[in-house]
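> Provide a 3D model corresponding to the input given below.
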Amino acid sequence: MITKKNFSLKNYNSFNIDVNAKEFIEINSKEELIGLNGLLKNEKILFLGGGSNILFTKDYDGTVIYLNLKGIKIEKENTDFSVVKANAGENWSDFIEFCLNNNLGGVENLSLIPGNVGSAPVQNIGAYGVELKDVFLSCEVFNFDDFSLKDFDLSDCEFEYRNSVFKKNKNLIILSVKLKLTNNNHDINTSYGDINDELKKSNIDNPTIKDISRVISDIRRRKLPDPKQIGNAGSFFKNPIVNKEKLNWIEKHHKNVPSYKIDKNDYKIPAAWLIETAGLKGKKFGKFGIHKLQPLVLVNYGGAKGGDIYKLSLSIKEIIKKIFKIELETEVNII
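Down below sits the predicted model:
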């Protein structure tokens, strides 16, 4: 366990916002975490993993607990499937690489998503036709209310689109995640057009999971800024879901509205399209702005304040509501 006072969090959030925590505790084992029982009763607490889905708007007047729990292993395997356990502090991209190197399929479409393994279930991360819940088996959870440990299965997690029980209850802390992945006969998902276009360019007719991962990584690198170079938290807003009546109204006022049917009467509209159609793509306001290629991403060009980026997000929501009568929902956690 490592403890520091008035500690800078700039290197612990992908927006690269320079704020301080009153106290910073690095936890390297489950035993260290449980050992905090009774020591932090009256403290304001924030658990931090990869910091890839958070925007700090001010200094944190409390204790930040940084979960640096490491380790990946294959726990069970048979002819068709393997159960892989990864601890919360493992980098998600490193975990993807482990899976690919061991020919484990099911997560290749989630390549290059920033953050750590522990934050993946919180958001029910998803991309290119796949969500974490599709391969999720269970996770070990620490309840900060009573310092108890419990295994959560799929139903316990209450997964929804970019949501889960962990997002609703901040005292439930994920320590490790188990996924059920394929050993062979992988379900290759190329349902998104961009993937097929890239495969055709490379003359690949029968892609492997490594091919899918590489193609998706290439697409993401072209479209999304690298947090190591330009501070960002990936998608800042969720893609809104509207009913058929609202979709018809939007289509009446705008041409070529992209939409994806998700059930009998509900459709998902890309938030990026809404923001771009509103004329906001690429707008820059000094040290911060909206990314020039992906309008769903708000960026810190260097030295921006979290409060300024937050105010920008509110302005975007107001403009989208005025034009499209749609309430955008923030995907990033605002602190």
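
> point out where this protein drops to low pLDDT.
In the predicted model of the chain, residues 41-42, 193 satisfy pLDDT under 70.

> hmm, 80 instead?
Scanning the chain for pLDDT under 80 picks out the ranges 38-43, 192-193.

> domains in it, as residue ranges please.
Following automatic domain parsing, one gets these domains for the chain: 2-67, 72-182, 231-334.

> where do the helices sit along the stretch 51-200 of the chain?
Counting by DSSP state H, counting those that start in this stretch, the stretch 51-200 of the chain has these helices, from start to end: 92-101, 120-123, 154-157, 165-168, 193-201.

> pick the most deeply packed of these.
Among the helices of the stretch 51-200 of the chain, the stretch with the highest mean neighbour count (mean count of other Cβ atoms under 10 Å) is helix 120-123, at a mean of 26. The C-beta positions use only the backbone N, C-alpha and C, and glycine is treated the same way.

> could you give me the buried positions within stretch 78-90?
Residues 81, 82, 83, 84, 85, 86, 87, 88, 89, 90 are the ones in stretch 78-90 that count as buried (16 or more other Cβ atoms under 10 Å).

> now the two most distant members of those.
Put simply, by Cβ to Cβ the two of the buried residues of stretch 78-90 set farthest apart are 81 and 89, 25.2 Å from each other.

> quick revisit: possible to save the domains of the chain as TSV with distance to residue 213?
Shown next, in TSV, are the domains of the chain (distance: least, Cβ to Cβ, whole Å):
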stretch	distance to residue 213
domain 2-67	19
domain 72-182	4
domain 231-334	18
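
> any idea which of those domains gets closest to residue 202?
Nearest to residue 202, of the domains of the chain and by Cβ to Cβ, is domain 72-182 at 15.4 Å.

> ok, now how distant is the closest residue to residue 131 other than its chain neighbours from residue 82?
What sits nearest to residue 131 in space, not counting adjacent residues and going by Cβ to Cβ, 6 or more residues apart in numbering, is residue 124, at 5.7 Å. Going from residue 124 to residue 82 by Cβ to Cβ, to the nearest Å gives 22 Å.

> thought residue 132 was touching residue 126?
Yes: between residue 132 and residue 126 a contact is recorded at 6.8 Å, counting by Cβ atoms under 8 Å.

> need the overlap of contacts for the two.
Common contacts of residue 132 and residue 126 (Cβ atoms under 8 Å, 6 or more residues apart in numbering): residue 110.

> show me where the stretch 101-250 of the chain has its strands.
126-127, 130-131, 136-143, 148-153, 172-182, 231-235, 241-243 (DSSP state E, counting those that start in this stretch).

> which one, of those, ends up nearest to residue 11?
That would be strand 231-235 among the strands of the stretch 101-250 of the chain, by Cβ to Cβ, at 11.2 Å.
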